[in-house]
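Participant: quick one, structure for this:
(chains A, B, C and D)
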There are 2 protein chains.
Amino acid sequence: MSRRRASGPSQSIRIRDVARHAGVSPMTVSRALRDPAKVSEGLRRRVEAAVSQIGYLPNRLAGNLSSNRSNVVGMIVPSILNSLFANTIQGISDVLRREGYHLMLADSGYSLEEEEAIVTTFLQQRICGLVLHNTKHTAATRRLIEKAAVPVVEVGNLSASPLDMTVSYSNFEAAKAMTLHLAQLGYRRIGFVSLPLQDNERSSERRRGYLAALDEAGLSSDPAIMLEVSGGFASGGKAIARLVQTDEEIDAVFFAGDVLAVGALFECQRRGWPVPGRVAIASFDDVDLLRNVIPAITTLRIPRYEIGRRSAEVLLDRVSGRSAEPVAIDMKFEIIQRDSA
Amino acid sequence: MSRRRASGPSQSIRIRDVARHAGVSPMTVSRALRDPAKVSEGLRRRVEAAVSQIGYLPNRLAGNLSSNRSNVVGMIVPSILNSLFANTIQGISDVLRREGYHLMLADSGYSLEEEEAIVTTFLQQRICGLVLHNTKHTAATRRLIEKAAVPVVEVGNLSASPLDMTVSYSNFEAAKAMTLHLAQLGYRRIGFVSLPLQDNERSSERRRGYLAALDEAGLSSDPAIMLEVSGGFASGGKAIARLVQTDEEIDAVFFAGDVLAVGALFECQRRGWPVPGRVAIASFDDVDLLRNVIPAITTLRIPRYEIGRRSAEVLLDRVSGRSAEPVAIDMKFEIIQRDSA
DNA sequence: TTGTACGCGTTATCAG
DNA sequence: CTGATAACGCGTACAA
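Facilitator: Below is the predicted model:
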């Protein structure tokens, strides 16, 4: 039964149309396009001419189905709006494009269940690889990924038990290093402000690092100066106001988030609290803004763009069969000493 | 000749495996999954049980190929790093997920040729719709899109001659409104600083709006106080320093970019120039930061997230055949009066 | 309501 | 180096 195609976009040109036009078989067209070296000069030219004349666009869906390959990588971030994640996405995107792959992007809204739902639909699209920002997942997510045997890179934290590969930095070590740095600068009572720890290994690891550093520096910890707040400038401002007003001794606050730190600085400016005179401020992640406020904020540089690039590279190494070994790459971090601490 | 599948990820489970398991035909499985109402209660249950037992994940590539449909929308932004674009992406992403579609994202790096290359590969992936931030395109891009007859929404500017649909705001009107607003506030010599106009209809439209407003307000324009600079805080700082130092009369500067405006404000703070005492500052786009600096910066609110949502909605209306009419939706803008002007 | 036959557009395989 | 043929996994159309 001959079947008319569905309503979809204009009747598209198929490989056999090109073949007819060039007077060759479809197989020759396919080869001329995908592996030109395997076709004689003459035919290759004829095929190329036909392709551009009739404006043929190969159907990669059909190609992928037939070859049982895919050229689409899926990525899940907690939020598309977070500019830190954007850096990693950009790094991945750059490598994928260069290598002829596509990026399918979705956000989980910081929800593990949502991540699971996205992984499911991504697998249905037969993505060839997966990049996850989270390092914490539901059991079902782990099962799905394992069963599909899809290469995965986790980028949000140097996980001790990655699903597969990981290209990241240690949130624990970074937070520890910054806290020790503050201690070395002479600060004795250091507060800690972070985003909610629930379902977020990055936040909880930073907190662990902070505590480990206090311990190592011989400073005592105090839950009263460890705050868990929501995001935003205002939130950082409220946090520092509360800390400074309820604790006369506090001389530094480490914010595990750039926006929080800047919000805190603005609040100090409004209240006339000298920074670092009354209280020092340290931040996490080196966004451009931190270098431009006054005083410039001491922070940690995380190579987020490079993490993206490297992730895509190891993922494609695996996808293309160039390498089979599971990798765990520590991309490190760096303390950027400025004027706020 | 029976052919073994390529190396790809683990032998995946096919619809006929489910069918065998449930003791029905593949067609019944397909129906039970995609249109449960068309299958009797009993069989539906058996199918569902089989699906979850053996962990079947439908192959959407095959499904799309067969039905000649697609559930992937492509989007091209100038840069993934720009948080303004991120808002629109988030809006689109939210709607797509809700409706069972996927987002394929790429960035053109502000290059029209790169945009053309991406459109080509997107069409090869048989995306069902396209969202473009640019409103300027190469002739080849226009031809490709027209020939493929794919629905398109342009979101970066309310274009006078859209490819297809547009959901956006008028950069011209917005810039004009802000400039008139400054004039009404009593500022007489108003500078204008923007990103490069080359290949960027958004920037050039804003400049046109600025000039139209000056004209309407009876103020004379002067190329000496119209700057075209690169992005970044530092760049905004340099711009205002140059304007204020070379022009004693200048009393306000309209920055067509939030980062530039904040960079300018920081520079004024460093130099001790009161804002708006020595010079007023106005910005474009209402990012959180603008409300939190001191003084808070007068700016334009562009509903970027809503533009994303609405774009996805009209696109899917078209894709799903719910509507056929080309739409052009003006999402408007709003002046946010604060303390910097 | 369910099943059968066929085609979607491409590529792998093998024969020439 | 080139071509014929048979899949890839699923959905459409129609028959039962």
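
Participant: please make it C-alpha for all contacts and neighbour counts, starting now.
Facilitator: Fine.

Participant: tell me which helix or strand whatever residue of the stretch 101-250 of chain A ends up closest to chain B sits in.
Facilitator: Evaluated by CA to the nearest CA, the stretch 101-250 of chain A has A:Met104 as its residue closest to chain B, separated by 4.5 Å. For A:Met104, the host element (DSSP states H and E) is strand A:102-107.

Participant: kindly report the same for A:Gly156.
Facilitator: Following DSSP H and E, one finds A:Gly156 outside all helices and strands.

Participant: nearest spatial neighbour of it, chain-adjacent residues omitted?
Facilitator: In space, A:Gly156 comes closest to A:His133 once its chain neighbours are excluded; the distance is 4.6 Å by CA to CA, 6 or more residues apart in numbering or on different chains.

Participant: kindly report the same for A:Asp288.
Facilitator: B:Phe233 (7.7 Å).

Participant: hey, where'd the helices end up in the stretch 1-150 of chain A?
Facilitator: Assigned by DSSP state H, counting those that start in this stretch, the helices in the stretch 1-150 of chain A fall at A:15-22, A:26-34, A:41-54, A:60-67, A:83-98, A:112-124, A:139-148.

Participant: and the second one, what's its mean pLDDT?
Facilitator: Along helix A:26-34, the predicted confidence averages to a pLDDT of 95.

Participant: for the longest one, same thing?
Facilitator: Across helix A:83-98, pLDDT averages out at 97.

Participant: and if you look at stretch A:234-246?
Facilitator: 98.

Participant: and the residue of the stretch 201-341 of chain A at minimum distance from DNA strand C, how many neighbours?
Facilitator: Closest to DNA strand C within the stretch 201-341 of chain A is A:Ser320: 12.3 Å, counting by CA to the nearest atom of the strand. When neighbours are counted by other CA atoms under 10 Å in any protein chain shown, A:Ser320 registers 14.

Participant: for the stretch 1-150 of chain A, which spans come out with low pLDDT?
Facilitator: Using pLDDT under 70 as the threshold, the predicted model of the stretch 1-150 of chain A has low-confidence ranges A:1-11.

Participant: so which bits of it are right by DNA strand C?
Facilitator: Contact residues (CA under 7 Å from any atom of the strand) of the stretch 1-150 of chain A with DNA strand C: A:1-3, A:5, A:11-16, A:26-27, A:30-31, A:34, A:57-60, A:62-67.

Participant: buried among the residues you listed? Need that as a selection in PyMOL.
Facilitator: Command for PyMOL that selects the buried part of those, burial taken from 16 or more other CA atoms under 10 Å in any protein chain shown:
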select buried, chain A and resi 12+13+15+16+26+30+57+58+59+60+62+64+65
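
Participant: A:Ala213 contacts A:Ala177, correct?
Facilitator: Yes. Checked against CA atoms under 8 Å, the pair A:Ala213 and A:Ala177 is within contact range at 7.3 Å.

Participant: can you pull the domain assignment for chain A?
Facilitator: Domains of chain A are assigned by automatic domain parsing as A:9-58, A:69-169+A:304-332, A:171-301.

Participant: nearest to B:Thr141, of the ones you listed?
Facilitator: Relative to B:Thr141, the nearest member of those by CA to CA is domain A:9-58, separated by 12.6 Å.

Participant: and the one residue in the stretch 201-341 of chain A that gets nearest to DNA strand D, backbone torsions?
Facilitator: Here the stretch 201-341 of chain A gets closest to DNA strand D at one residue, A:Val319, 17.4 Å apart by CA to the nearest atom of the strand. The main-chain torsion angles of A:Val319 are listed as degrees, to the nearest 10 and equal phi -60, psi -40.
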